[in-house]
Structures are given as structure tokens and as C-alpha cells.
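1. Structure for the following, please:
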Amino acid sequence: MHSVEKKGVLLINLGTPKSPTTEDVRVYLKEFLSDKDVIRMPRFFWLPLLNLVILRSRPAKSAELYKKVWTEWGSPLLYNTYLQAGLLKKKFDEDKIDKFFIDVAMRYGSPSIESKLLQLVKSGYKKIIILPMFPQYSTTTTRSIARKLNEIVKKNELLDKIEINFIKDFHNHELYIDACCESIKDFQLESGQPQKLLLSFHGIPESYVGADEPYRDQCITTANLVAKKLDLDEKQFEIAFQSRFGKAEWIKPYLAQRLENLPKEKINNIQVFCPGFSSDCLETIEEIGEESRELFLESSGKDFGFIPCLNGSEKFIHLIKDLIINCDNYTIDYRTLF
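-> So this is what the prediction gives:
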């Protein structure tokens with residue numbers, strides 16, 4: 001039994017299929033796309049469409065993409081999140097800090113939030129820090145974790161008296177901005193300066209933007225802070241949003257459109273960095289590193305640089321350490337998010 005002073009920590013990322021097979025990808029996509037925070041269409045319309053159309057066609061296509069990026073340790077997202085946890089533990093050990101036990105969970109797929117929470121409680125932890133690995137808060141990601149957490153706590157008596165510290169976001173944290181800038185500068189030491197740096201964030205439907213959805217504003221804040229730290233003027237960088245799904249209007253500008261149009265504006269040498277992804281995953285390795293590169297070059301662009309995500313960078317691990325050690329300064333009551 002661990003001392004009550006010692007805290008459990010869960011680094012929670014979006015999720016991953018168990019394997020890159022069509023069936024496992026189907027199971028993963030069903031859980032993900034059934035989330036009411038992700039898809040806000042009326043259930044009577046969305047669920048038949050999901051089950052009768054999307055889940056019959058999309059899993060096979062997605063499985064082929066996952067096979068291209070899969071590692072011996074699982075998906076890149078799972079591997080990198082465990083890498084971050086391991087490096088964080090190593091950092092705590094080096095600094096002789098023995099107050100935290102670090103583990104990993106996924107919102108969708110496995111390891112599940114519920115299984116990891118129960119493991120921590122059964123191991124004697126009375127205080128648990130929940131750190132969603134999304135720098136910018138969105139109702140589609142962080143609030144979904146909060147809602148799931150509430151559901152788990154309500155149905156498990158073991159969790160009744162556990163103190164939960166929930167970190168909402170870190171989009172403007174100085175150490176996060178430093179980590180982003182270091183990744184960009186490290187890449188440019190090898191590849192040189194581009195004509196333009198694109199800071200690409202995952203998109204969300206325009207209809208989601210509102211008083212409870214500060215995501216777009218936080219993305220803009222992050223991008224401006226990164227540009228300021230790098231001493232870039234407004235012509236040297238721009239913001240774009242990727243991963244549009246369906247026909248509805250999403251927040252703009254769309255990355256794909258900018259990649260097509262930049263060569264027409266005589267911008268032929270670009271680099272793309274994704275500050276909103278703490279870890280490389282299918283949406284960065286495949287969508288940015290492959291599909292976006294191909295689109296830009298086919299549009300008469302000349303040089304395309306894909307800058308890796310924060311992953312296991314030293315400054316990013318330093319940021320996570322600060323968030324955990326000083327969690328009282330960053331935490332909120334997760335039940336206020338829904």
C-alpha cells in the first residue's frame with residue numbers, strides 16, 4: 001500500500017485501435033464516432049449512418065493507413081505517450097522526486113481510463129492527477145475525457161473518495177511555447193528556414209464554436225506566441241486547420257486549400273508544424289508527412305518540410321513535470337465542463 005501523499009498520474013491521449021486490422025479499427029472508430037461530444041448530429045440520424053455506412057467502408061481504408069505507421073510497440077500515438085511517461089519518470093528519478101506514479105490511458109480503445117483509474121485506486125492511491133495531452137481545450141477532446149471520467153466515478157464506489165486533479169489545458173504555458181519553438185528550431189538547423197511556417201491544428205466544425213468552445217481562440221493564441229518567440233512577422237507564418245471530415249463547414253483556413261494556393265502566391269518552400277498534437281500519430285505522420293506533402297508538390301510547390309511533434313523532447317517533458325508538480329495552480333473541477 002502506497003503512502004496517501006503519493007499521487008497517481010494519468011497522461012490521457014485520444015486513442016488507438018488494438019491493431020491495424022479492419023475489425024480492430026472498426027471497434028475503435030465505433031467508440032470514437034459514437035461520442036456525443038465528437039459528433040453532435042441527432043442520434044436518430046447519425047447512428048444508422050455510422051453503423052450502416054461509415055463503419056462498413058471506412059475501417060478498411062483506415063486500417064491500411066494504420067499499417068503504414070504501425071510500430072512493434074503499437075500505434076505511434078500509444079508508443080509516444082508511453083515514451084513521454086517513461087521519460088517523465090526518469091526525470092523524476094533524476095531529480096529524486098518520489099511523489100508520483102505515472103501511467104497512460106486512452107479516451108478510446110485501450111488502455112482505458114476506467115481500467116487505469118481502478119488500478120491506481122486498488123494500489124492505494126487516494127489522489128490522482130488527470131492530464132489530457134491536448135494543449136488546447138476543446139469540447140471534442142478534453143471535455144469528452146471529463147464527461148467519461150464523471151461516468152466512471154459515478155458507477156464505481158471505489159472512486160467515491162478519491163481526490164481528482166484535472167488539468168484543463170496548457171495552450172499558453174511558457175514551457176509549452178518553448179518546447180514548440182525548440183522543435184521548430186532543431187528541425188531548421190538541419191533543413192534551413194522556409195519562406196513560410198504553417199502551424200496546423202486539428203479542425204472542428206464551425207458550428208461547435210461558442211462560449212463553451214474556446215478551441216479556435218486558444219489555437220490562435222498558441223500560434224501567435226510561437227511566432228513571437230521565433231521573431232516571425234505576419235508574412236512568415238500562418239495558421240491552418242486540418243483533418244476536415246464530412247461536408248459541413250469547419251473552422252478556417254483549411255490546410256488543404258492553403259497548400260494548393262501557396263505556390264500560386266509564389267510561396268514554394270514551406271514547413272508544417274502541428275502544435276496541437278503532443279505526439280505524432282496518424283494525423284501527423286500520414287496526413288501531414290505524406291498526403292499534405294504530396295498535395296503541395298502536386299500544386300507546384302518545391303520544398304515541403306514536416307516538423308515532428310513534441311513527442312519526447314526534453315522541454316516538453318519539463319513542461320509535463322511542471323504541470324504535475326504544480327498541479328494545484330492548473331487544475332479545475334472537471335464536473336464544471338459539462
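2. what residue ranges in the stretch 101-250 of the chain score low on pLDDT?
-> Of all residues in the stretch 101-250 of the chain, none has pLDDT under 70.
3. Give the closest residue to S278 in space, chain neighbours not counted.
-> Spatially, and ignoring its direct neighbours in sequence, S278 is nearest to M133 (4.4 Å; CB to CB, 6 or more residues apart in numbering). No exception for glycine: its C-beta is placed from N, CA and C like everyone else's.
4. shouldn't that neighbour be in contact with T81?
-> Yes - between M133 and T81 there is a contact under CB atoms under 8 Å: 6.7 Å.
5. which neighbours do these two share?
-> Here M133 and T81 share the contacting residues L11, N13, S279, scored by CB atoms under 8 Å, 6 or more residues apart in numbering.
6. count of residues packed around the second one?
-> If you count neighbours by other CB atoms under 10 Å, N13 ends up with 27.
7. Three-state assignment for it, please.
-> Following DSSP: H, G, I helix; E, B strand; the rest coil, the label given to N13 is strand.
8. Count the neighbours of E260 for me.
-> Neighbour count for E260, taken as other CB under 10 Å: 16.
9. Just give the closest residue to it, not the sequence neighbours.
-> Of all residues not flanking E260 in the chain, S299 sits nearest, at 4.7 Å (CB to CB, 6+ apart).
10. Can you name the residues that contact the one you found?
-> L259, E260, N261, L262, P263, K264.
11. Just the buried positions in the helix or strand encompassing the first one, please.
-> Using DSSP states H and E, the element containing L259 is helix 255-261. Residues L255, A256, R258, L259, E260 are the ones in helix 255-261 that count as buried (16 or more other CB atoms under 10 Å).
12. quick one on the thing from earlier: okay, the residue nearest to S278 and M106: tell me how far apart.
-> To M106, M133 is 10 Å away according to CB to CB, to the nearest Å.
13. Overlap in contacts, the two.
-> Common neighbours of M133 and M106 (criterion: CB under 8 Å, 6+ apart): I12, N13, T81.
14. List the beta-bridge partners for the first one.
-> Residues in a beta bridge with I12, per DSSP bridges, are A105, P132.
15. any idea how far the closest residue to S279 other than its chain neighbours lies from K99?
-> Computed as CB to CB, 6+ apart, the closest residue to S279 that is not its neighbour in sequence is N80, at 3.7 Å. Counting by CB to CB, the gap from N80 to K99 is 25 Å.
16. Give me the more crowded residue out of these two.
-> In this view N80 and K99 are compared by other CB under 10 Å, and N80 has more residues nearby, 24 against 13.
17. What are the neighbouring residues in contact with that one?
-> With contact taken as CB under 8 Å, 6+ apart, N80 is in contact with S279, D280, C281, C309, N311, G312.
18. Just say helix, strand or coil for it.
-> Following three-state DSSP, N80 is assigned to helix.
19. What pLDDT is listed against it?
-> pLDDT for N80: 98.
20. same thing with the one 3 residues further on?
-> Predicted confidence (pLDDT) at L83: the value is 98.
21. Could you report the neighbour count for it?
-> Using other CB under 10 Å, L83 has 17 other residues around it.
22. if I pick the nearest residue to it once chain neighbours are set aside, what's in contact with it?
-> Of all residues not flanking L83 in the chain, G312 sits nearest, at 4.8 Å (CB to CB, 6+ apart). G312 makes contact with N80, L83, Q84, L87, according to CB under 8 Å, 6+ apart.
23. Among those residues, which one lies nearest to E190?
-> Of all the contacts of G312, N80 has the smallest distance to E190: 20.5 Å, by CB to CB.
24. Would you mark the buried spots in the one helix or strand R293 maps to?
-> Assessed by DSSP H and E, R293 sits inside helix 293-298. Using 16+ other CB under 10 Å as the test for burial, helix 293-298 gives R293, L295, F296.
25. mind putting those residues in JSON lines, pLDDT included?
-> Putting the buried residues of helix 293-298 into JSON lines (pLDDT from 0 to 100) gives the following:
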{"residue": "R293", "pLDDT": "98"}
{"residue": "L295", "pLDDT": "98"}
{"residue": "F296", "pLDDT": "98"}
